[in-house]
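K.L.:
give me coordinates for this.
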Amino acid sequence: KYLNTVNNCIYKASDTVAVSVLGSALTTIIVFIPILMVEGLVGQMLRDVCLSFIFAIGFSAITAIVVIPYLLKKFLPEERVERKENIVNKVMNKLTIVYGRMVDWTLHNRKFIITICVVVLVLTVWAVMQLGVTFIPSTDNSEFYVNFTFPSSNTMEKTEQQLDKAEELIKSVVPEIKTLMTTVGSSSGLSFGSSSTNGSIRVILTPVADRERDVHEIMRIVKYTLDENMYDTEVNVLNGGFDNLVSYVTGGGGYALTLVSEDMELLYSEASRIADFLKTDPEVMSVSLNTSYDNFSAVIKASNDYLSSLGITSYEAGMTSAILFNGVDNGTFISSDNQRFDIRIESDVTDQMLSEDLLSDLSIITSDGRCVSFSSIADLEIENAISQINHIDKANSITINCATTSENTSNIVSRLNTYLEENPLDKDVTQRVAGVSKLVGEMMGPIFIALAIAVFLVFMVMVFQFERFDQPILIMLTVPFSIIGVALGLL
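P.N.:
The predicted structure is shown next:
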């Protein structure tokens with residue numbers, strides 16, 4: 001009729017669950033300790049999460065075995081308590097009976113249960129292999145970026161006009177817009193300087209709860225609309241939030257492939273061929289190369305002998321050309337109130353397109369005071385030039401970046417591999433994984449090592465807890481079956 005006193009119940013309950021609570025907490029905490037040692041971007045992202053779990057679980061264990069018994073002893077009256085049956089006790093008693101029957105049936109049908117578990121595990125592993133792989137699931141942060149690369153002949157005024165046109169097009173297909181911010185001369189990434197061939201628009205949408213379409217659907221519509229109406233412009237649409245950070249760190253989101261070769265022209269030709277194939281892929285929204293031959297280089301060739309006969313040194317001709325066509329920084333002026341002003345020498349033809357007519361209009365003053373036309377002392381040659389040269393292990397490299405319609409790039413990789421089997425790369429060109437795939441590949445090794453160490457540490461904790469090896473081994477054998485729950489959570 002009567003249970004023990006409250007104090008005795010507290011002592012007995014604490015003594016019964018203390019070892020289990022500590023063992024459970026330690027086996028959970030110890031999993032996160034090796035992950036704290038992982039380096040790189042993944043380590044930086046997971047470190048704070050691991051520390052949060054470690055402190056939360058650690059303090060919850062202390063609370064369970066120290067604070068709660070103390071509070072119970074402090075506030076519960078010291079008297080004998082009559083056992084009362086309530087609905088909770090009745091339900092728990094029935095669950096205990098049902099659970100006992102299930103365990104008893106399982107123990108009498110061990111072969112059948114083991115067979116079913118193994119079959120389900122094999123099917124689960126097969127299902128997981130069919131699932132796509134992504135670094136971190138893309139999220140809807142109610143914002144995205146549109147980056148533009150305009151023709152090299154564009155002026156700032158022309159770029160502003162085209163960005164105004166792009167704004168109107170975006171507004172016409174995205175009624176969910178809350179704010180638009182346009183930047184002329186740079187993209188959405190970290191950039192230094194300004195260029196008339198670049199521009200970007202940041203689109204902030206209404207909250208997710210207030211719209212029917214998600215950001216990925218809106219991005220696809222914006223990309224299609226801009227491509228249809230701005231045919232001379234390269235358009236890239238990137239998701240905002242953490243996706244934008246990953247895109248910047250990996251050199252572009254979606255799928256990326258790097259080609260390496262000593263021969264730059266051959267390398268560009270092969271990269272262009274693969275880019276043209278990827279543009280036909282149904283899961284690829286846009287394709288871009290991190291370099292191109294759409295730039296022009298103006299080469300002014302002058303004769304040293306002729307310059308000398310006019311009393312002009314090569315240095316004077318070179319410095320004059322630099323000031324005329326590019327502008328030259330010439331120090332800093334500090335005013336009386338300590339304000340700093342950069343000094344730059346430019347001409348009215350700086351950043352203009354070079355031509356023979358422009359050279360004829362320019363003149364250079366000789367040592368004897370004569371004005372000599374620039375075109376009479378130099379020849380102008382306009383050549384196609386590459387926008388930038390990237391290197392990997394001292395060899396030229398070009399990275400092909402694809403903006404994809406989904407996070408899973410396995411289908412794109414499969415189709416590209418089939419194409420390369422039928423149309424192989426030149427023997428002097430090699431390919432390397434790039435972008436998010438490269439980041440995932442680099443992080444998998446350290447992650448697997450950390451998990452292996454964690455499993456070993458968990459096993460040792462259980463050995464110390466049970467003071468034997470057979471029971472911990474049996475418990476660890478159930479770990480692979482946890483993939484069944486993981487797979488169900490990913491479906």
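K.L.:
show me what the strand or helix carrying residue 26 packs onto, helices and strands only.
P.N.:
Element membership of residue 26 [criterion: DSSP states H and E] is helix 6-35. On a contact count with 3 or more CB pairs under 8 Å, 6 or more residues apart in numbering; DSSP states H and E, helix 6-35 meets helix 40-62, helix 68-75, helix 435-466. C-betas here are computed from N, CA, C, even on glycine.
K.L.:
relative to helix 40-62, how tilted is it?
P.N.:
170 degrees (axes from the mean of the first three to the mean of the last three CA atoms, to 10 degrees).
K.L.:
what average pLDDT does helix 6-35 get?
P.N.:
The pLDDT scores in helix 6-35 average 85.
K.L.:
deepest in the core, which of the helices and strands packed on helix 6-35 is it.
P.N.:
Most buried of these by mean neighbour count (mean count of other CB atoms under 10 Å) is helix 435-466; its value is a mean of 16.
K.L.:
and it, what does it pack against?
P.N.:
helix 6-35, helix 40-62, helix 242-250, strand 255-261, helix 470-476.
K.L.:
so which of the ones you listed gets nearest residue 396?
P.N.:
Closest to residue 396 of the helices and strands packed on helix 435-466, according to CB to CB: strand 255-261, at 5.9 Å.
K.L.:
so what does the closest one touch, helix or strand wise?
P.N.:
Using 3+ CB pairs under 8 Å, 6+ apart, strand 255-261 sits against helix 264-279, strand 395-404, helix 410-422, strand 430-434, helix 435-466.
K.L.:
if you set the cut-off to 6 Å instead, what comes out?
P.N.:
Applying 3 or more CB pairs under 6 Å, 6 or more residues apart in numbering; DSSP states H and E, one finds that strand 255-261 contacts helix 264-279, strand 395-404, strand 430-434.
K.L.:
adding distance to residue 86 and mean pLDDT, write the ones you listed out as CSV.
P.N.:
Listed next are the helices and strands packed on strand 255-261 as CSV, based on distance: least, CB to CB, whole Å; pLDDT from 0 to 100:
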stretch, distance to residue 86, mean pLDDT
helix 264-279, 66, 88
strand 395-404, 57, 83
strand 430-434, 62, 83
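K.L.:
tell me which of the ones you listed lies nearest to residue 370.
P.N.:
helix 264-279 (43.1 Å).
K.L.:
contacts only, for residue 120.
P.N.:
residue 484 (CB atoms under 6 Å, 6 or more residues apart in numbering).
K.L.:
in what element of secondary structure is it found?
P.N.:
helix 110-130.
K.L.:
returning to what we had before: any idea which of the helices and strands packed on strand 255-261 is most buried?
P.N.:
Of all the helices and strands packed on strand 255-261, strand 395-404 carries the top mean neighbour count, a mean of 22, counting by mean count of other CB under 10 Å.
K.L.:
picking that back up, and the helix holding residue 26, how far out from the chain's middle?
P.N.:
For helix 6-35, the separation from the chain centroid amounts to 39 Å (computed by CA atoms, centre = their mean, to the nearest Å).
K.L.:
what comes up buried for it?
P.N.:
6, 10, 14, 21-32, 34-35 (16 or more other CB atoms under 10 Å).
K.L.:
could you do stretch 305-321 as well?
P.N.:
307, 312, 317, 320-321.
K.L.:
same deal with stretch 153-165?
P.N.:
Neighbour counts over stretch 153-165 (16+ other CB under 10 Å) mark 154, 159-160, 162-163 as buried.
K.L.:
which outside residues touch stretch 214-234?
P.N.:
In contact with stretch 214-234 (CB under 6 Å, 6+ apart) are residues 140, 144, 148-151, 169-170, 173-174, 235, 237, 285.
K.L.:
typed the wrong thing, it's stretch 143-156
P.N.:
Here stretch 143-156 has contacts from 159, 187-188, 196-197, 199-204, 215, 219, 232-234, 236-240, 294-295, using CB under 6 Å, 6+ apart.
K.L.:
which among the residues you listed count as buried?
P.N.:
Among the contacts of stretch 143-156, those classed as buried by neighbour count (16+ other CB under 10 Å) are 159, 187-188, 196-197, 199-203, 215, 219, 233-234, 236-240.
K.L.:
hmm, back to that, in a markdown table, list the buried residues of stretch 305-321 along with distance to residue 45 and secondary structure.
P.N.:
Shown next, in a markdown table, are those (distance: CB to CB, whole Å; DSSP: H, G, I helix; E, B strand; the rest coil):
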| residue | distance to residue 45 | secondary structure |
| --- | --- | --- |
| 307 | 60 | helix |
| 312 | 60 | coil |
| 317 | 55 | helix |
| 320 | 53 | helix |
| 321 | 50 | helix |
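K.L.:
and of those residues, the nearest to residue 411?
P.N.:
Of the buried residues of stretch 305-321, the one sitting nearest to residue 411 (CB to CB) turns out to be residue 321, at 52.7 Å.
K.L.:
just the buried residues of stretch 153-165: which are in helices?
P.N.:
Counting by DSSP state H, the part of the buried residues of stretch 153-165 found in helices is 159-160, 162-163.
K.L.:
quick one: which of those residues is nearest residue 113?
P.N.:
residue 163 (65.8 Å).
K.L.:
related to what we said a few turns ago, let me have the helices and strands packed on strand 255-261 in TSV, adding distance to residue 122 as columns.
P.N.:
Below are the helices and strands packed on strand 255-261 laid out as TSV (distance: least, CB to CB, whole Å):
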stretch	distance to residue 122
helix 264-279	35
strand 395-404	31
strand 430-434	30
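K.L.:
closest to residue 208 out of those?
P.N.:
Using CB to CB, the helices and strands packed on strand 255-261 put strand 395-404 closest to residue 208, at 21.5 Å.
K.L.:
tilt between that closest one and helix 435-466?
P.N.:
80 degrees.
K.L.:
what residue ranges in the stretch 251-400 of the chain score low on pLDDT?
P.N.:
The stretch 251-400 of the chain contains residues with pLDDT under 70 at 251-253, 292-300, 303, 310, 351-356, 359-360, 366-368, 374-375, 379-389.
K.L.:
so which residues of it form strands?
P.N.:
Along the stretch 251-400 of the chain, counting by DSSP state E, counting those that start in this stretch, strands occupy 255-261, 284-289, 295-302, 328-334, 340-345, 363-365, 371-373, 378-385, 390-392, 395-404.
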